[in-house]
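K.L.:
show me how the following folds:
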Amino acid sequence: MKKQLLTALISGAVVLGSYTSTAPIANAAGNGPEYQGHETINTQILHSYEEMMTYLEKQNQKQAHMDMEIIGETVKKREIPLVKYMSNPNNPTILYLAQQHGDEALTTEGMLDFIKSLGTGKMKGVLDGVNILMIPMYNADGAMADVDHELEDYAAKGPRHLTRHNANDVDLNRDHADRTQPETQALHENVLQQYDIDYMMDLHHQGAQWVKDGKYVSGAIFYPHPDYTDEDVLYQSKQLGSVIYNAIEPKGWGHLAKYAGKGSAYSPGIGVYGIANAYDISTFLFEMRGTADNANDFEVLGQKSNGYLTKQTVVAMEETARSIADRSILKEDISFWEDLPVQESILEE
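P.N.:
You can find the predicted model right below:
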């Protein structure tokens, strides 16, 4: 399929047009409030692991095209589900991965909404042209704070905390080279090495203090390291970014910047780089603004932002799936990357 995509790209390319600190600064377009200890962070509004599994099982019963596979277990023996829509082995395949970091929860909420939409008329015909794989809660132990390390001074007041690392206090998004953790081994051995995947969107959250043009960003986007990624793989990663940028930036709440990739962001242990390099998959990083829980207040975003950040995830998934299904992604113009500003942190001012 990768060769087919590249052939189509060469023969038919057409250019398409297509929120946190006390510093005085404009809000993101979505007007999501900063936290800074000024409100109660209640994690009850987020799906727990058990609630997510129940939700997926119900959707699996309702949707004829949906299938589920357990690819492995977390450190604490929670099953890791892979949601599958495999319509045709000749179709291009995209993998959506959420909650590598357990405190980055709205990507999971958005993915669950997207799964539901695939069973409705809203996405009619899309599954005829694309295979979709999804892992909604990769780091379930971190998402449930069922870990063997202390969580002091975290912002959430209940009923549970959410934390970045897995139960062994390992950052799973730094483990894609060494693969020491059961979660990482499950992903690589039972997904990346078993399916012919063309694209991958790695869904994350970042701190709430990042800005572009004097406004808090709603998110930041990034492609794999250009010096260590196959040229064609990199090009298609940038096209994936073009689809997302053109879908979200015009929204009233959308304000995207280029991720400030440097240092460890280029480590082969990082998903967006290491997976592209190891498997020739066109990976893409999408970082939403603010986390659900953290010991650092500037990382956490007020919960009034949940709606538009969840919607941002859904829009990104819907539009990338559509563009791959109808092959319009192969016509995406990537020149916008040249002018897209890198986000800046107000904490560094």
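
K.L.:
where does the protein dip in pLDDT?
P.N.:
For the chain, the stretches flagged by pLDDT under 70 are 1-40, 262-265, 302-304, 348-349.

K.L.:
so where do the strands sit in the stretch 151-300 of the chain?
P.N.:
For the stretch 151-300 of the chain, applying DSSP state E, counting those that start in this stretch gives strands covering 156-158, 199-206, 210-212, 215-216, 219-222, 256-258, 282-289.

K.L.:
how about the residue nearest the centre of the chain, nearest residue that isn't a chain neighbour?
P.N.:
Centroid check for the chain by CA atoms, centre = their mean gives L203 as the closest residue, at 0.9 Å. In space, and not counting its chain neighbours, L203 is closest to T107: 3.8 Å by CB to CB, 6 or more residues apart in numbering. Just so you know, the C-beta spots here come from the backbone N, C-alpha and C atoms, and that holds for glycine as well.

K.L.:
hang on, isn't the one you found packed against H101?
P.N.:
No: assessed by CB atoms under 8 Å, T107 is found out of contact with H101, at 9.5 Å.

K.L.:
need the contact partners of the helix or strand where the residue nearest to L203 lies.
P.N.:
Assigning secondary structure by DSSP states H and E places T107 in helix 106-117. By CB atoms under 8 Å, 6 or more residues apart in numbering, the surrounding residues in contact with helix 106-117 are 46-47, 52, 55-56, 59, 66, 83, 96, 98-99, 123, 134, 136-137, 143, 203-205, 288, 292, 306, 309-314, 316-318.

K.L.:
okay, now the nearest residue to I329 once chain neighbours are set aside: neighbour count?
P.N.:
Sequence neighbours aside, S323 is the residue nearest to I329 in space, at 4.0 Å (criterion: CB to CB, 6+ apart). Using other CB atoms under 10 Å, the number of residues around S323 comes to 28.

K.L.:
return the alpha-carbon coordinates of whichever strand or helix holds S323 using CSV.
P.N.:
Here S323 sits within helix 306-325, counting by DSSP H and E. C-alpha atoms of helix 306-325 as CSV (Å, rounded to 0.1, in the frame of the first residue of the first chain):
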residue,chain,number,x,y,z
ASN,A,306,-12.8,20.2,27.8
GLY,A,307,-15.5,20.6,25.2
TYR,A,308,-13.4,22.3,22.5
LEU,A,309,-10.3,20.2,23.1
THR,A,310,-12.4,17.0,22.8
LYS,A,311,-13.9,18.4,19.7
GLN,A,312,-10.5,19.2,18.3
THR,A,313,-9.5,15.5,18.7
VAL,A,314,-12.7,14.4,16.9
VAL,A,315,-12.2,16.8,14.0
ALA,A,316,-8.6,15.7,13.6
MET,A,317,-9.6,12.1,13.4
GLU,A,318,-12.6,12.5,11.2
GLU,A,319,-10.8,14.7,8.6
THR,A,320,-7.7,12.5,8.4
ALA,A,321,-9.8,9.4,8.0
ARG,A,322,-11.8,11.0,5.3
SER,A,323,-8.8,12.4,3.4
ILE,A,324,-7.1,9.0,3.5
ALA,A,325,-10.3,7.2,2.4
